[in-house]
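K.L.:
Give me a 3D structure for the following:
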Amino acid sequence: MPSVYNWPVRVYYEDTDAGGIVYHANYLKFFERGRTEFLRALGIEQQTLIDADHTAFVVRSMTLDYRSAARLDDELSIRTSVTKVGGASVQFLQEAWCGEVLLNSANVKIGCVDVRTTRPRSLPDDVAAKMRAA
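P.N.:
Now for the predicted structure:
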């Protein structure tokens, strides 16, 4: 597994605002999908974690830095990397690129919770090991 996972996404009409550029909140969707595909590439299936272990990931915090605009039909690369693995959390750096242009970057902290109580819980050992190895 490379240290940076690239997930391609094309900008569709529904992603844009009246000005024809990607609406700012849609980067959150792109980043969510990028993290999900990153987990899949690591062999971590979120529905399996929920069903078998009552474990889910929730966004704890996120900071974004918008630098440039994406437009209809642009092909983007959502780059995801792990920056820190804690006992009950994982921090990611995510970036949206269009070719060689950095459009947006996000620092994302994900918490691990028990879905029955929504209380924090430790990352399962196998999940933590996969995240640390990424």
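
K.L.:
which other helices and strands contact whichever strand or helix holds Leu39?
P.N.:
Using DSSP states H and E, Leu39 maps to helix 26-41. Helix 26-41 sits against strand 5-10, strand 55-66, strand 75-85, strand 89-98, strand 101-114, with contacts defined as 3 or more CB pairs under 8 Å, 6 or more residues apart in numbering; DSSP states H and E. All C-beta atoms are positioned from the backbone trio N, CA, C, and that covers glycine.

K.L.:
Now do the third one against strand 101-114: the angle between them, please.
P.N.:
Translated: strand 75-85. Computed by axes from the mean of the first three to the mean of the last three CA atoms, to 10 degrees, the angle separating strand 75-85 from strand 101-114 equals 50 degrees.

K.L.:
coming back round to it: need the winner for burial among the helices and strands packed on helix 26-41.
P.N.:
Neighbour counts (mean count of other CB atoms under 10 Å) averaged over each of the helices and strands packed on helix 26-41 peak at strand 89-98, with a mean of 20.

K.L.:
and that strand, how far out from the chain's middle?
P.N.:
6 Å (CA atoms, centre = their mean, to the nearest Å).

K.L.:
Partner strands of that strand and their direction?
P.N.:
Strand pairing for strand 89-98, using DSSP bridges, gives strand 75-85 (antiparallel), strand 101-114 (antiparallel).

K.L.:
Thank you, goodbye.
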